[in-house]
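Chemist: Next input, structure requested:
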Amino acid sequence: MSDFRQEFLTFALKQNVLKFGEFTTKAGRKSPYFFNAGLFNDGASTLQLAKFYAQAIIESGIKFDMLFGPAYKGIILAAATAMMLAEKGVNVPFAYNRKEAKDHGEGGVLVGAPLKGRVLIIDDVISAGTSVRESVRLIEAEGATPAAVAIALDRMEKGTGELSAVQEVEKQYGLPVVAIANLNDLFTLLQNNAEFGGFLEPVRAYRERYGVA
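Modeler: Numbers count the residues shown, from 1 in each chain. A predicted model of the protein is given here:
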């Protein structure tokens, strides 16, 4: 396992993006942890987050020609990650969409570089897969090819069926999903961190009940 995954989770803890306790998910499950990427909300934390995205993308070996950030969270993620990739010698264009079409200026719902070639979608998490579906539709409508999806954390838990939301996206669209870290990485963090060791068994139980391979 690459060290950057543990570094990312430690960073998320310090930013209070990752918390341990008792939380209720949108699905009504009692979860021993909570991850809110919206709390990466200042310059320094967004810069560091983008570095982790860039590292995960490069290490994945996925081939892509540009980035696409679905509105709204994906907009800053695509822009910031493009900057960090450029620092690592991978300079690619990026684009994003508006929620409503603009009827003046350049018009339409797309902003930034034209969607061409292999497009890597960047978002914070995949829950219901709604933003991925919309992104794929927009990309294909422009004649480009969805290449993959990059997210911050893969919870690796069942959705409405036996597959996780990430697995459903991979199966439905044939797209690989790159996550900076996942539930197994979180479990490793707890095993190696005495401060949060008390949450090891609740996370283990949660993974056994709701987790996917």
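Chemist: alpha carbons only for contacts and neighbour counts from here, please
Modeler: Will do.
Chemist: which parts of the longest helix belonging to the chain are buried?
Modeler: The residue-count maximum for a helix in the chain (DSSP state H) belongs to helix 43-60. For helix 43-60, burial by neighbour count (16 or more other C-alpha atoms under 10 Å) applies to 46, 47, 48, 49, 50, 51, 52, 53, 54, 55, 56, 57.
Chemist: Specify which member of these is nearest to residue 125.
Modeler: Distance to residue 125, by C-alpha to C-alpha, is smallest for residue 53 among the buried residues of helix 43-60, at 12.3 Å.
Chemist: wait, isn't the closest one in contact with residue 149?
Modeler: No: using C-alpha atoms under 8 Å, residue 53 makes no contact with residue 149, being 11.1 Å away.
Chemist: Can you give me the separation between the spatially most central residue of the chain and residue 202?
Modeler: With distances taken as C-alpha atoms, centre = their mean, residue 151 lies nearest the centre of the chain, 1.3 Å away. From residue 151 across to residue 202, the span is 24 Å (C-alpha to C-alpha, to the nearest Å).
Chemist: Neighbouring strands of the helix or strand of the chain with the lowest mean pLDDT in the sheet, and parallel or not?
Modeler: Ranked by mean pLDDT, DSSP states H and E, the helix or strand of the chain with the weakest confidence is strand 94-102, at a mean of 83. Strand pairing for strand 94-102, using DSSP bridges, gives strand 66-69 (parallel), strand 108-112 (antiparallel).
Chemist: How far off centre is it?
Modeler: From the chain centre to the centre of strand 94-102 is a distance of 19 Å (C-alpha atoms, centre = their mean, to the nearest Å).
Chemist: In that strand, which residues are buried?
Modeler: In strand 94-102, counting by 16+ other C-alpha under 10 Å, buried: 94, 95, 96, 97.
Chemist: so what secondary structure elements neighbour the helix or strand where residue 149 lies?
Modeler: Here residue 149 sits within strand 145-154, counting by DSSP states H and E. Counting by 3 or more C-alpha pairs under 8 Å, 6 or more residues apart in numbering; DSSP states H and E, the packing neighbours recorded for strand 145-154 are helix 43-60, strand 118-122, helix 130-141, strand 177-182.
Chemist: angle of the third one against strand 145-154?
Modeler: Pointing back at helix 130-141 there. For helix 130-141 against strand 145-154, the angle by axes from the mean of the first three to the mean of the last three C-alpha atoms, to 10 degrees is 160 degrees.
Chemist: what residues does helix 130-141 touch?
Modeler: With contact meaning C-alpha atoms under 8 Å, 6 or more residues apart in numbering, helix 130-141 is reached by 68, 70, 115, 119, 121, 126, 145, 146, 149, 169.
Chemist: just stretch 157-164 next, same as before
Modeler: Taking C-alpha under 8 Å, 6+ apart as the rule, stretch 157-164 contacts 128, 156, 165, 207, 210, 211, 212.
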